[in-house]
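Undergrad: I would like to see how this sequence folds:
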Amino acid sequence: MSGPAIHEARTDKRPVFILIPGLGMNCSAYSDLAPFLSSHGHVVYYDFPGHGSRTQVEFKRNVDWGSLISDVISYLRNLNQPPYHVIGHGFGGTTALRLAKFIPEWIATLTILSPHASHGAKMGTEFVEIINQINTTQSLKPMWDMLAHVLVRNPTAPYLEHIKKMNASVNPHFYVKLLKLAYETSNPRDFAGVDRPTLFIQGEFDPLAVIHLSRLLVNQPKAKVWTCPNASNLVHMEQPEAVAREILKFVLGSEADRKFSDNLSTVNRYLIHNDDDVKKHIYVHCLNEFYVTVNHDTIRHGWERRHAQILMLYLALHRRASRDTLCEVIWPDEDPAKSRLRLRVSLHYLRALLGEHGDILHTTKDFVELRGHVVCDVADLLDRLKVLREMDSETRAISAKELVRQLPLRIMPSMYHPFAIRIQQMLEFEIEHLID
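TA: Numbers count the residues shown, from 1 in each chain. All right, here's what the predicted structure looks like:
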């Protein structure tokens, strides 16, 4: 397996599968899965910089999402055959999700194998110590010694040897940079707002599985989850035929093959409504029509009164604010005592508007906080613009034009408060600058 020679892989064969391995691995991880896919389409491999066939390739840019997405897009641009069916394992799956946000028209479907553990937990002290050992020894052996026996359910000698060889093909310095990027930037927003049909596959016995994956998928209606029996983390190595069967059914099948199962919907609702430790999922929509979704309930009307709209926008962007700050933002020219009284009225109205979900609004004498997993399309757009700024000029131009096609003709058309207008003008200026 030669790695990401995408520029040599032009073909008229359809569909086209893009395979992205996980951290510390290379495309040979797909050597057992690929034959089952290649009989139905064309398979193309991508290795991360510093991995596999690219171990010795110098990566001159900063290691951030802008440079990584730019790197993938440059390969896809050479292939020049969108749309693609992108399959990613672990960190490769996270990359695929972010790719779909930037160029959704290039993506037909996504398959995420064993979503990266950074979405379910913070990096513990044991991981920090292992990273220190990797930096000291310039070898991935400390990580391999810890993970190799849990990546597969039955760690036979051939499996362990394969994993060892993949680890040996990785630049340790670059691996550490990518691992830190994964843990420092993982966010439930990675899963929200992706409108491409997405299949998530997790191993039945995977100890690294994302904690309560279904919580992360509440705002992703075009997602399906399948649990692979008798497999751990490397589902594509342990059960390649079964995994390929599910992927092909999802890619080539009917719409019915791409819907949540009834069981998963039940699990989602049970987790959301019956587990006291589960935060509510809040999605604040501003770029087109203004409305708010909390879990499965959408509130569309009543936002134009009592400054509820601007209150919700500010809290969605900042999560927590002092009462004085909110008064200065909403009523900048008003007497402080009077504006604090108006804020009390507005908060009372906002809590009533949220109805049974009023508990997401937490207030004290001095502060107001929005509690839950908050996603806001304005914040998402700001994140995307930040990543675009980090891309090379050619890729940035392509991605910016794709972004403009996804946006409404007028951003935030129903918001007239000066705070919202400033955001609107800033976004429009930034987008125009990136295109030019």
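Undergrad: least trustworthy helix or strand in the protein by mean pLDDT?
TA: Within the chain, no helix or strand scores below helix 262-274, which has a mean of 38 by mean pLDDT, DSSP states H and E.
Undergrad: and the next element down the chain from it?
TA: strand 281-285 (DSSP states H and E).
Undergrad: distance from that following strand to the middle of the chain?
TA: For strand 281-285, the separation from the chain centroid amounts to 16 Å (computed by CA atoms, centre = their mean, to the nearest Å).
Undergrad: do stretch 69-81 as well
TA: On CA atoms, centre = their mean, the centre of stretch 69-81 falls 19 Å from the chain's centre.
Undergrad: tell me the buried residues in it?
TA: Residues of stretch 69-81 classed as buried by neighbour count (16 or more other CB atoms under 10 Å): 69, 70, 71, 72, 73, 74, 75, 76, 77, 79, 81. The C-beta positions use only the backbone N, C-alpha and C, and glycine is treated the same way.
Undergrad: nearest to residue 417 among these?
TA: residue 69 (33.3 Å; CB to CB).
Undergrad: so which residues of the protein form strands?
TA: In the chain, strands defined by DSSP state E lie at 16-20, 42-45, 84-89, 107-113, 198-203, 223-228, 281-285, 291-294, 297-299, 320-322, 361-363, 367-370, 373-376, listed in chain order.
Undergrad: out of these, which is the most enclosed?
TA: Among the strands of the chain, the stretch with the highest mean neighbour count (mean count of other CB atoms under 10 Å) is strand 84-89, at a mean of 27.
Undergrad: where does the stretch 301-436 of the chain dip in pLDDT?
TA: 436 (pLDDT under 70).
Undergrad: helices of that one, residue ranges please.
TA: Along the stretch 301-436 of the chain, counting by DSSP state H, counting those that start in this stretch, helices occupy 308-318, 323-330, 336-354, 377-389, 393-406, 418-435.
Undergrad: now these as TSV including mean neighbour count and distance to residue 100?
TA: Output for these, formatted as TSV (neighbours: other CB atoms under 10 Å; distance: least, CB to CB, whole Å):
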stretch	mean neighbour count	distance to residue 100
helix 308-318	22	23
helix 323-330	18	34
helix 336-354	16	31
helix 377-389	18	12
helix 393-406	16	11
helix 418-435	15	19
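Undergrad: just so I know, which of those lies nearest residue 91?
TA: Proximity to residue 91 (CB to CB) singles out helix 377-389 among the helices of the stretch 301-436 of the chain, at 16.2 Å.
Undergrad: I'd like to know which of the helices of the stretch 301-436 of the chain is closest to residue 285.
TA: Per CB to CB, nearest to residue 285 of the helices of the stretch 301-436 of the chain: helix 377-389, 5.6 Å.
Undergrad: and residue 384, how far is that from residue 404?
TA: Relative to residue 404, residue 384 is positioned 12 Å away (CB to CB, to the nearest Å).
Undergrad: please apply the same query to residue 228.
TA: Distance from residue 228 to residue 404, counting by CB to CB: 39 Å.
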